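Peer 1: what would the 3D arrangement of this be:
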Amino acid sequence: MSIKIQHATAVLALAATSGLAMGQSSLDLDRAYASELRSDAQTRSSLLGSSNGANLNVEVMTQFRYSYNSRDELTAGALGDDDTTMGFETPRTQVRMSGGIEGTDISGLIIFDFGAAENGGTSGTGELLVAQAAWGLDDNWTILFGQWHNPVMGSEAFAPEHTLAADKSFTNEFFQVGYTQGVAFVYGADNFKFIGAFADGAEYITNYGSVANSAFNAPGENDFGVTGRFDWLVEGTWDQFADATSWRGSNYGAKIGAGAHWQTQGDSNPSDNSGGGIAGYNDTTVTFWTVDAQIEGDGWNFFAEYVGHRVEIDATTNVDYTNHGFIAQGGFFFSDQWEGFARYDVTMLDDVLVAAGTDDNFQNVTFGFNYYFVPESHAAKFTLDASFALDESTNFDALGVAFPNQTNMLGNSDSEFTLRGQMTLVF
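Peer 2: Reported below is the predicted structural model:
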């Protein structure tokens, strides 16, 4: 087997875990990965040379957004003028670097983010999202090691520029496991693939997927976590499911996936009694599960996902609760460059977390359109969408940071409306 084939396999594994997977046409492929797949490491040109035999490719993705948010106050006068909020932001500016070491089957990927959406509001400060390597053992098996985005959840696998709406759903952000560090084994075949990971858990529960590039003995570090995900390609090709859309002229395809994650904290390592962000708790166990389906056709797409997690906290008073969520979305091209879409998501809280007389569900409806400046390419895209929160936010407000920056939802409301216009560029 040639180095080129193994190297391509490793790059595909990197893409699968980082969320930067390839699209279905040459225009739609991320530049770094397209270069890896089309050329052998010895012959492809690099943007930067290195004396250690490595080639480096650089890609930049930036998003510029205007948001308008209006809230219906839970208590009259409580918000004052803050019931209407508007302004510009750059939620993400990412620098992505990838390359392969000549003469080996090893590829690497590093991603820095300078926005506010991924790092909880540290606006303008660079943060390491991904630093991982892939070692292709043969045509099917790859070893991954480093820091990556946990691959368990289907809706979270789409790169930021590959989503239908301006950003992912509230339910996605509430449940997603986030970033972790560890080792994983990936097996890929024509019709199915599997990834199994052993890692140090993830920043979870109230930090909602924020990056945790911490030392092995850092206070609050999880003991360990294990992750598994299986995907079955019912019909079509793998690359057509790398984004949430489906271009006109595309063939029919269907994919089903399922995943599970388990992590524990408190039996070893120093503790800050936070339990991953919950003040006063030390021993915390999280069990996460999900199943999803994605279907695409000639200019249309549909995606549905069920997700749940169980959190068990050993404290002075033990706390156990199980939450559930559901996401359904679809899109349709009206022309080669105009795409309309709609999405519904709901997060259903355990009764333990629900105050008497309040809503135990939090439902959101989103709809809008995308304009692609170049047909069949995510490199330049304008998105306009509107989101409506249909339920009061009382119980989510009590969780502390249940309204992450990605959603542009602010909480403390009986109902809420957000309008977003966003420009996305990848170069």
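Peer 1: what pLDDT does the model give the closest residue to residue 141 other than its chain neighbours?
Peer 2: Once flanking residues are discounted, residue 141 sits nearest to residue 187: 5.8 Å by Cβ to Cβ, 6 or more residues apart in numbering. In short, each C-beta sits where N, CA and C put it, glycine included. We have a pLDDT of 96 for residue 187.
Peer 1: cool, and the one 3 residues further on?
Peer 2: Residue 190 is assigned a pLDDT of 91 by the prediction.
Peer 1: what does residue 128 give?
Peer 2: 88.
Peer 1: likewise for residue 379?
Peer 2: 96.
Peer 1: which residue packs closest to it, ignoring adjacent ones?
Peer 2: Going by Cβ to Cβ, 6+ apart, residue 379 has residue 426 as its nearest residue, at 4.7 Å.
Peer 1: state the distance from the one you found to residue 262.
Peer 2: 35 Å (Cβ to Cβ, to the nearest Å).
Peer 1: for residue 89, same thing?
Peer 2: Counting by Cβ to Cβ - residue 89 and residue 262 are separated by 35 Å.
Peer 1: with residue 105 instead?
Peer 2: Distance from residue 105 to residue 262, by Cβ to Cβ: 31 Å.
Peer 1: which one's more surrounded, these two?
Peer 2: Neighbour tally, residue 105 and residue 262, criterion other Cβ atoms under 10 Å: the higher count belongs to residue 105, 24 against 16.
Peer 1: can I assume that one is in contact with residue 141?
Peer 2: No: here residue 105 does not reach residue 141: they are 10.7 Å apart, not a contact under Cβ atoms under 8 Å.
Peer 1: which secondary structure elements does the helix or strand that contains residue 421 sit against?
Peer 2: Counting by DSSP states H and E, the element that carries residue 421 is strand 413-426. The contact analysis (3 or more Cβ pairs under 8 Å, 6 or more residues apart in numbering; DSSP states H and E) places strand 413-426 against strand 54-73, strand 380-389.
Peer 1: how about the ones you listed in a markdown table, adding distance to residue 175?
Peer 2: Shown next, in a markdown table, are these (distance: least, Cβ to Cβ, whole Å):
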| stretch | distance to residue 175 |
| --- | --- |
| strand 54-73 | 23 |
| strand 380-389 | 17 |
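Peer 1: so which of these comes closest to residue 343?
Peer 2: Nearest to residue 343, of all these, is strand 380-389, at 8.5 Å by Cβ to Cβ.
Peer 1: any idea how far the closest one is from the chain center?
Peer 2: In terms of Cα atoms, centre = their mean, to the nearest Å, the centre of strand 380-389 is found 18 Å from the chain centre.
Peer 1: can you check stretch 354-362 too?
Peer 2: 27 Å.
Peer 1: who touches that stretch?
Peer 2: 170, 346-349, 351, 389, 391-396, 398 (Cβ atoms under 8 Å, 6 or more residues apart in numbering).
Peer 1: filter these down to just the buried residues.
Peer 2: 170, 346, 347, 348, 349, 389, 391, 392, 393, 394, 395, 396 (16 or more other Cβ atoms under 10 Å).
Peer 1: and the fifth one, what does it touch?
Peer 2: Contacts for residue 349 were tallied using Cβ under 8 Å, 6+ apart; they are 321, 323, 360, 361, 362, 395, 396.
Peer 1: how about low-confidence regions in the stretch 201-350 of the chain?
Peer 2: In the predicted model, the stretch 201-350 of the chain carries pLDDT under 70 at residues 203-213, 218-221, 268-282, 315-317.
Peer 1: all strands of it, in order?
Peer 2: Counting by DSSP state E, counting those that start in this stretch, the segments of the stretch 201-350 of the chain that form strands are 224-235, 253-265, 283-296, 300-314, 319-333, 338-348.
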